[in-house]
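> Sequence first, predicted model second:
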Amino acid sequence: MRTTDGLGSGGTAAARRPPSEPVYDAVALGMGAYARMAFRVEVLRRRGWRLRPGSLLVSTHRAETDVPLLASALYLGGRVWLHRRPRMHFAARDDLFERGFFAGFLPRLGPRGRRALAPLSAGGLLPLIRAHPIGSATSLSLGRALAALPAEARLGPDLLPDAALGALAGRAAELRRPAPRTVVEARRGEYADVLWRRYDRSELAAPALDAVWRRRMAEATGQLRWLVELMRAGEPLVLFPEGSPSPDGAIGPLRPGLGALVRRGAPATIQPLAIAYDRLRPGRPRAWVAFGAPLAPPAADVETAVLRALRHATPLT
């Protein structure tokens, strides 16, 4: 018996639904409105910049608010709102497509809030705004790992790493409950943020998880292939090559796969983008979105060249 309810099941192989232009425009305008209300935004861009077909746009990742800032700068500043083509596509972490995303992602939610949001998923909306999943074949959320196991499978050090067992037990103690003993007990909405945490294959190395790792490899390969097809068709693609917001403000390292994407997708140009915040001044924080000098796709050592371009583009605050 396999459990299909709760957190972390499916989602990454999102249907390739055609985009909806009204939804795309509405979300972009909403992000722009949020960015302007939340920050004093300054865009540092060369005069006359336009979104070009075949561009790979790579950005630093400082905070979760980077997405509305960047989307606003590109959509409004690049006058994308005037034209149906070209329009930006976005590579997004594949766990954003999973059920339980809101319950696991949003901070400071109480148990009731996580339980209420656990059934919800953004996976149906994201393809409408040209967002496509991209994941790593070597890391996996705890929720996805548990979703591949029978509901009655017992949790223990032979199945999960100590860090995962400790996090589940800690949350249970906060809820004044016994620590979950089986998969079905752990896959509850109250544990959503714990299930959202990612682990490497060396940490989730139990033989019972071999099948999910094989599926993970196939998913990641298919996701990369789809992005390559988009780029070969001349579609502009926006990517955060660091994968997730920097925990300490450093730029890099870049996640594996960028070199393969550039070599196979053959973008016409690579556009570095960099985001910076200054939260020390009174009032609304300041935010900058800087457009660096475009570069031709390097023949070798793509990651080094892109990392250097991102660092050069970053505004000093």
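Perfect, I can see it now.
> contacts, neighbours, all on C-alpha from now
Noted.
> Run a quick neighbour tally on residue 177.
Neighbours of residue 177 under the rule other Cα atoms under 10 Å: 11.
> and for the longest helix seen in the chain, what are the contacting residues?
Using DSSP state H, we find that the single longest helix of the chain is helix 210-232. The contact list for helix 210-232 (Cα atoms under 8 Å, 6 or more residues apart in numbering) reads 12-13, 54-56, 91, 132-138, 140, 145, 148, 201, 237, 261, 264-267.
> Show me just the buried residues among those residues.
In terms of neighbour count (16 or more other Cα atoms under 10 Å), the buried residues within the contacts of helix 210-232 are 12-13, 54-56, 91, 132-137, 140, 145, 148, 237, 261, 265-267.
> Show me what the following helix or strand past the longest helix of the chain is packed up against.
Where DSSP states H and E defines the elements, the next helix or strand beyond helix 210-232 is strand 237-239. Under the contact definition 3 or more Cα pairs under 8 Å, 6 or more residues apart in numbering; DSSP states H and E, strand 237-239 sits against strand 55-59, strand 89-93.
> thinking again about what came up before, give me the subset of the buried ones among the contacts of helix 210-232 lying in helices.
Using DSSP H, the buried ones among the contacts of helix 210-232 in helices are 145, 261, 265.
> Tell me how far the second one lies from residue 128.
Taken as Cα to Cα, to the nearest Å, the spacing of residue 261 relative to residue 128 amounts to 23 Å.
> show me where the chain has helices.
21-38, 66-77, 101-105, 111-117, 142-147, 162-174, 183-186, 192-195, 210-232, 258-265, 302-313.
> Throw those helices into JSON lines and include distance to residue 124 and mean pLDDT, thanks.
Output for these, formatted as JSON lines (distance: least, Cα to Cα, whole Å; pLDDT from 0 to 100):
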{"stretch": "helix 21-38", "distance to residue 124": "12", "mean pLDDT": "93"}
{"stretch": "helix 66-77", "distance to residue 124": "19", "mean pLDDT": "89"}
{"stretch": "helix 101-105", "distance to residue 124": "12", "mean pLDDT": "88"}
{"stretch": "helix 111-117", "distance to residue 124": "15", "mean pLDDT": "93"}
{"stretch": "helix 142-147", "distance to residue 124": "18", "mean pLDDT": "94"}
{"stretch": "helix 162-174", "distance to residue 124": "29", "mean pLDDT": "97"}
{"stretch": "helix 183-186", "distance to residue 124": "25", "mean pLDDT": "97"}
{"stretch": "helix 192-195", "distance to residue 124": "20", "mean pLDDT": "95"}
{"stretch": "helix 210-232", "distance to residue 124": "17", "mean pLDDT": "95"}
{"stretch": "helix 258-265", "distance to residue 124": "25", "mean pLDDT": "94"}
{"stretch": "helix 302-313", "distance to residue 124": "32", "mean pLDDT": "95"}
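> Can you convert the ones you listed into TSV and add a column each for distance to residue 280?
Shown next, in TSV, are the helices of the chain (distance: least, Cα to Cα, whole Å):
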stretch	distance to residue 280
helix 21-38	14
helix 66-77	18
helix 101-105	26
helix 111-117	31
helix 142-147	36
helix 162-174	33
helix 183-186	41
helix 192-195	29
helix 210-232	39
helix 258-265	34
helix 302-313	22
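> Nearest to residue 278, out of the ones you listed?
Closest approach to residue 278 among those (Cα to Cα): helix 21-38, 12.5 Å.
> Residues in contact with that closest one: which ones?
41, 68-69, 71-73, 75-76, 81, 128-130, 284-285.
> Export only the CA atoms of it, formatted as CSV.
Taking C-alpha atoms only, helix 21-38 is exported to CSV below (Å, rounded to 0.1, in the frame of the first residue of the first chain):
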residue,chain,number,x,y,z
GLU,A,21,-1.4,35.3,-21.4
PRO,A,22,-4.0,36.9,-19.2
VAL,A,23,-2.7,35.0,-16.2
TYR,A,24,0.9,35.8,-17.1
ASP,A,25,0.2,39.5,-17.4
ALA,A,26,-1.8,39.6,-14.2
VAL,A,27,0.8,37.8,-12.1
ALA,A,28,3.6,40.0,-13.6
LEU,A,29,1.7,43.2,-12.8
GLY,A,30,0.9,41.9,-9.3
MET,A,31,4.5,41.2,-8.6
GLY,A,32,5.4,44.6,-9.9
ALA,A,33,2.9,46.2,-7.6
TYR,A,34,4.2,44.2,-4.6
ALA,A,35,7.8,45.1,-5.4
ARG,A,36,7.1,48.8,-5.5
MET,A,37,5.1,48.7,-2.3
ALA,A,38,7.6,46.7,-0.3
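> Next, the buried residues of it.
24, 27, 28, 29, 31, 32, 35, 36, 38.
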